[in-house]
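S.K.: From the sequence below, what's the structure:
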Amino acid sequence: MIHVATAAPEIEVSLVFRHFHPILAGAAERFRRYSLPLAQQGIGYQVYTLRESAEHAEAEQMHAALWVQRISAQGLPLERDAALFAAAWRGLAQPASQGRLLQTSLCHHLAAPWLRRISAAGTRCLYVGTMVGREESGVPLLKRWVRRWRDHQNHAPFHAAVASTTVMARYLERLGFRRERIQVILNGVDVERFRPVADVAEKRSLRERLGLPAAARVVVFAGSIVPRKGVDMLVRVWPQIVAQMPDARLVLVGGFDRPTFMTQERMQELTRFQDSLRAQAARPEAGGSITFTGECAEVQDWLRAADVFAFPSEQEGMGNVVLEAMACGLPCVITQFHGMPEQEFGKPSQEFCLVPREDDALVGGLLRTLAADGAAAAMGRAARDWACKELDVRLTIERYAVLYRRLAGH
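M.R.: Just a heads-up that it's a prediction; the model follows:
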């Protein structure tokens, strides 16, 4: 347990997440980190999450203003979600002196009845978007209308919504949220944890500790090793980089385990994908230049030791690791992805390099950035400046604190 000097929370936010620490899940991990500074502002979190292992305690207090209740539930994923909302309903039904809110990124037909009960009982409900979804092409008009009507019904209990980008804000409008109820709050990045190396000596020392050649040109990717992240695309084109830059190295920072994949079928698909990826990385034409680090708590060390960050993802809510790479002063080569922010990353060719999501375009972007030492360094400095000015997590914390107080009537 982490000890935090704080009084009893004035506002308690019940968070409903499928997964929470120690299981890695992006949004849940963000709010776990937000919980410490928010505790200093009188805001506490009560987390309702699934108990995935007997090793995980049913109840845990992580610090004075962060409590976790893990629920054992069986059935399909949506049925297990419903069990979480039922537990939150029981918790919120208990008398409390402080203001209470419910926050989640889950919403579907099995969750909606519980959300309506919670909302009708007087608890304000907040939806936080995590992904910009797609509309399926070729779906008949009537089916699209029915799905949109269901989305509107499922999201009706929420009093407000948070989007991490303006693109996501428009997507939430399509789900049924009125624009005036949507607030854009960028996810933010810890610019003190994620910072550039001070000098050449620090970078050399980092590389020595991480086992990277001092003179190599290092490209790093960070994220889960799953199909959506586009790691297969990066590995597939990498021999073309090595052919022109024999000293180039590719480092893939991320875990192969993915407990957030909720069905056995999806886990089997993931295993096949990862086995194929390892085989591609071992091809002779890659020259042994690809490194898999596995899950890494200190991802900032790999970012700070690198020369270029590559992000070939297919679909995102925002892409938090891009913010972290920018804060480390890395020139970022990003392929166009669904949900791509229109303004939150800054301007293409200034704060980052944006290329079409095609093999040749990714190769060209990486080669140009690796070769352009002066221009790449300037892009990295611009990225760092943008991160400090627009993406500092302290701005994010303050905006959530203001929103929670407004919803709680404080």
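S.K.: other SSEs contacting the lengthiest strand in the chain?
M.R.: Assignment by DSSP state E gives strand 43-50 as the longest strand of the chain. If you count contacts as 3 or more C-beta pairs under 8 Å, 6 or more residues apart in numbering; DSSP states H and E, strand 43-50 packs onto strand 11-16, helix 26-39, strand 66-71, helix 77-92. Yep, even glycine has a C-beta here, placed from its N, CA and C like the rest.
S.K.: any idea which of the ones you listed is most buried?
M.R.: Highest mean neighbour count among these (mean count of other C-beta atoms under 10 Å): strand 11-16, with a mean of 24.
S.K.: Excluding its own residues, what touches that one? List them.
M.R.: Under the contact criterion C-beta atoms under 8 Å, 6 or more residues apart in numbering, strand 11-16 has outside partners 28, 31, 42-49, 81, 84-85, 88, 91-92, 96, 98-104, 106, 123, 126, 404-405, 408, 410.
S.K.: Apply 7 Å and report the result again.
M.R.: 31, 42-48, 84-85, 88, 91-92, 96, 98-104, 106, 404-405, 408, 410 (C-beta atoms under 7 Å, 6 or more residues apart in numbering).
S.K.: any idea where the strands of the chain begin and end?
M.R.: 11-16, 43-50, 59-63, 66-71, 99-104, 124-128, 160-163, 182-184, 217-222, 248-253, 290-294, 308-311, 332-335, 353-355.
S.K.: What's the separation between residue 314 and residue 339?
M.R.: For residue 314, the distance to residue 339 under the criterion C-beta to C-beta, to the nearest Å works out to 10 Å.
S.K.: who has more neighbours, these two?
M.R.: For the pair residue 314 and residue 339, the greater number of neighbours falls to residue 339 (21 against 15), based on other C-beta atoms under 10 Å.
S.K.: From residue 305, how far off is that one?
M.R.: Going from residue 339 to residue 305 by C-beta to C-beta gives 29 Å.
S.K.: With residue 92 instead?
M.R.: Spatial separation of residue 92 from residue 305 under the definition C-beta to C-beta is 46 Å.
S.K.: Where does the prediction get shaky in the stretch 51-200 of the chain?
M.R.: Counting by pLDDT under 70, the low-confidence segments of the stretch 51-200 of the chain come to 96-98, 136-137.
S.K.: Surely residue 395 is in contact with residue 189?
M.R.: No: with contacts defined as C-beta atoms under 7 Å, residue 395 does not count as touching residue 189, sitting 10.2 Å away.
S.K.: For the two, indicate the residue with more neighbours.
M.R.: When neighbours are counted by other C-beta under 10 Å, residue 189 comes out ahead of the other of residue 395 and residue 189, with 24 against 14.
S.K.: May I have the beta-bridge partners of the more buried one?
M.R.: residue 392 (DSSP bridges).
S.K.: For it, give me its contacts.
M.R.: By C-beta under 7 Å, 6+ apart, the residues touching residue 189 are 323, 324, 327, 387, 391, 393.
S.K.: would JSON lines of those with neighbour count be doable?
M.R.: Formatted as JSON lines, the entries for the contacts of residue 189 read as follows, by neighbours: other C-beta atoms under 10 Å:
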{"residue": "323", "neighbour count": "27"}
{"residue": "324", "neighbour count": "22"}
{"residue": "327", "neighbour count": "27"}
{"residue": "387", "neighbour count": "27"}
{"residue": "391", "neighbour count": "26"}
{"residue": "393", "neighbour count": "23"}
